[in-house]
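In: A predicted structure for the sequence below; I have some questions about it.
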Protein chains: 2
Amino acid sequence: MEALRADMFEELCPSTLLPFRIGGDKWAALVITCLEDGPRRFSELRVPLARVTPKVLTQSLRTLERDGFVRRTEYTEPVRRVTYELTDLGRSLLEPMRLMCEWANDHWDELLDARES
Amino acid sequence: MEALRADMFEELCPSTLLPFRIGGDKWAALVITCLEDGPRRFSELRVPLARVTPKVLTQSLRTLERDGFVRRTEYTEPVRRVTYELTDLGRSLLEPMRLMCEWANDHWDELLDARES
DNA sequence: CGGCCTGGTTACCAGTTGGATACTGTGCAA
DNA sequence: TTGCACAGTATCCAACTGGTAACCAGGCCG
């Protein structure tokens, strides 16, 4: 997940050229990327995903949960806390995603050329 | 491209579970698959892609062409003939696509379980 | 001349996605 | 009791996607 990572969160990010899409919706790939290093709370996800409104983030998380890629856990003690984390199935997506980023890096110039001309 | 191939062209195909999407539109992956073995004419593509109306197929092909994955060639001799074929860039998508199909086959039961429960 | 084949185009429409903006309910904490 | 953090909801709306159905233009065939 190293490749393209920094760029993916930018507004005019080059991943718009990427011919791969992971999950059903626009933000699924980024959400998964954000969960790569362990469980995250809703408000923690909102920081890197600042361009995603809470409604849309919730939608994305619900879909990922339904599809078995993400597990939602609700705690009430000591305070209310909800965490999202990748399931084993979700984690197994990381490797294909990494390969796609590799592909994209390998063919970046060609992708750009095609769009420009 | 062997995996899932037979099913992908069915109406209720299991690829609706697939968390990967290639190209911008719904039919891009199937179009690319159809071009795997060499150039095809518009009317030849319409046979396996019978569920795709000509308008939508044209759209898909135009997008693939713009993105540099497909090359459109028009002949007038001896009769009018238009062929579509994968460019090198388009062809380079086949390997990632194959890997995605492998991933899907490896995790098929988990994908099904997640949706059902 | 009248069809037919090829490779589309046109107009219209419904459903879905994504976004803007505002609001809510629960539990602390001062 | 007022305020704040957290984790969302509620409405509304514009744009995009995909689909239906019909149409079309050029060229050959008989």
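Out: Received it, and whenever you're ready, just let me know what you need. Numbering: from 1, shown residues only, chains lettered A, B, ... in the order given.
In: burial of the closest residue to A:Thr63 other than its chain neighbours, as a residue count?
Out: Nearest-residue entry for A:Thr63: A:Gly24, 5.3 Å, with adjacent residues in sequence omitted and distances by C-beta to C-beta, 6 or more residues apart in numbering or on different chains. Any C-beta I mention is one placed from the backbone N, CA and C, and that applies to glycine too. Counted with other C-beta atoms under 10 Å in any protein chain shown, residues neighbouring A:Gly24 total 15.
In: tell me the contacts of A:Gly24?
Out: Going by C-beta atoms under 8 Å, 6 or more residues apart in numbering or on different chains, A:Gly24 touches A:Thr63, A:Asp67, B:Pro19.
In: for stretch A:57-70, what is the average pLDDT?
Out: Averaging pLDDT along stretch A:57-70 gives 98.
In: correction: stretch A:17-27
Out: 93.
In: is any part of that stretch close to DNA strand D?
Out: No - Stretch A:17-27 is not in contact with DNA strand D by C-beta under 7 Å from any atom of the strand; minimum separation 10.7 Å.
In: Tell me if that stretch is near DNA strand C.
Out: Yes - judged by C-beta under 7 Å from any atom of the strand, stretch A:17-27 comes into contact with DNA strand C through A:Gly24, A:Asp25, A:Lys26, A:Trp27.
In: Buried residues in that stretch, which are they?
Out: A:Leu18, A:Pro19, A:Phe20, A:Arg21, A:Ile22, A:Gly23, A:Trp27 (16 or more other C-beta atoms under 10 Å in any protein chain shown).
In: Make JSON lines out of the residues you listed and add secondary structure and distance to B:Glu102.
Out: Shown next, in JSON lines, are those (DSSP: H, G, I helix; E, B strand; the rest coil; distance: C-beta to C-beta, whole Å):
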{"residue": "A:Leu18", "secondary structure": "coil", "distance to B:Glu102": "20"}
{"residue": "A:Pro19", "secondary structure": "coil", "distance to B:Glu102": "18"}
{"residue": "A:Phe20", "secondary structure": "strand", "distance to B:Glu102": "15"}
{"residue": "A:Arg21", "secondary structure": "strand", "distance to B:Glu102": "18"}
{"residue": "A:Ile22", "secondary structure": "strand", "distance to B:Glu102": "16"}
{"residue": "A:Gly23", "secondary structure": "coil", "distance to B:Glu102": "18"}
{"residue": "A:Trp27", "secondary structure": "coil", "distance to B:Glu102": "26"}
